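S.K.: This is a predicted model, with the sequence first.
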Amino acid sequence: MADDLHERLSALERVVADLVGRTERADTEPSAETFWALHGLRDRVAETTGAVLYTGAVDLPTGEHYDWQYARLLDDLLDADWPEHAPALAALGHPVRLRLLRKILGGTRGAAELGEDPELGTTGQLYHHLRQLVAAGWLRSLGRGQYTVPGDRVVPLLVIITATI
């Protein structure tokens, strides 16, 4: 009975893993076709404790294109001063700021246009959130009330959002 239950649970875990697409069975090597980036990373960091890689090729609705790749060794990540990066993460911790970033990535660049969205609050609140995002590096002011997500922040921002979805 216990063996049958264990087999059924293992089968269910495999189905869920296949549906989610994030892992494969623990007793098999992840396939090169599914985990091509992982295999490339492993080849590069074989003699280390590991690394983290994120990459993206993005065509925004604005016509802008970004190719981005970034990797860090695990030891470097664990040795980093994590609290030093709290302001950048905190700036993303507000629903209005996330809405602003999504709208700006989508092509709405002007504060006047952004201010037409009642969910972004009053003009004062809108500028408060814009300043927070600029200070944290998630936005750049282009002058005359125009904003953009800096090119080197587009894919990292999308990676953070991807990690939460």
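M.R.: Now that the structure is in, tell me what you want to look at.
S.K.: Which is the succeeding secondary structure element to the helix or strand of the chain with the lowest mean pLDDT?
M.R.: Ranked by mean pLDDT, DSSP states H and E, the weakest helix or strand in the chain is helix 2-20, scoring a mean of 62. Downstream of helix 2-20, the first helix or strand assigned by DSSP states H and E is helix 36-44.
S.K.: okay, the angle between the next helix-or-strand element following that next one and helix 36-44?
M.R.: Next helix or strand after helix 36-44 toward the C-terminus (DSSP H and E): strand 51-59. Put simply, strand 51-59 runs at 140 degrees to helix 36-44, going by axes from the mean of the first three to the mean of the last three Cα atoms, to 10 degrees.
S.K.: Which neighbours in the sheet does strand 51-59 have, and how are they oriented?
M.R.: Strand 51-59 has its sheet partners listed here by DSSP bridges as strand 65-73 (antiparallel).
S.K.: I'd assumed Trp36 was in contact with Thr55.
M.R.: No. Between Thr55 and Trp36 there is no contact under Cβ atoms under 8 Å: 10.8 Å. Quick note: C-beta positions are derived from backbone N, CA and C, even for glycine.
S.K.: contacting residues for the residue nearest to Val58 when sequence neighbours are not counted?
M.R.: Of all residues not flanking Val58 in the chain, Tyr66 sits nearest, at 4.7 Å (Cβ to Cβ, 6 or more residues apart in numbering). By Cβ atoms under 8 Å, 6 or more residues apart in numbering, the contact set of Tyr66 is 56-58, 60, 151, 154-155.
S.K.: want to throw those into a markdown table with pLDDT?
M.R.: Compiled in a markdown table, the contacts of Tyr66 are given as follows (pLDDT from 0 to 100):
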| residue | pLDDT |
| --- | --- |
| Gly56 | 92 |
| Ala57 | 93 |
| Val58 | 93 |
| Leu60 | 93 |
| Gly151 | 93 |
| Val154 | 94 |
| Val155 | 93 |
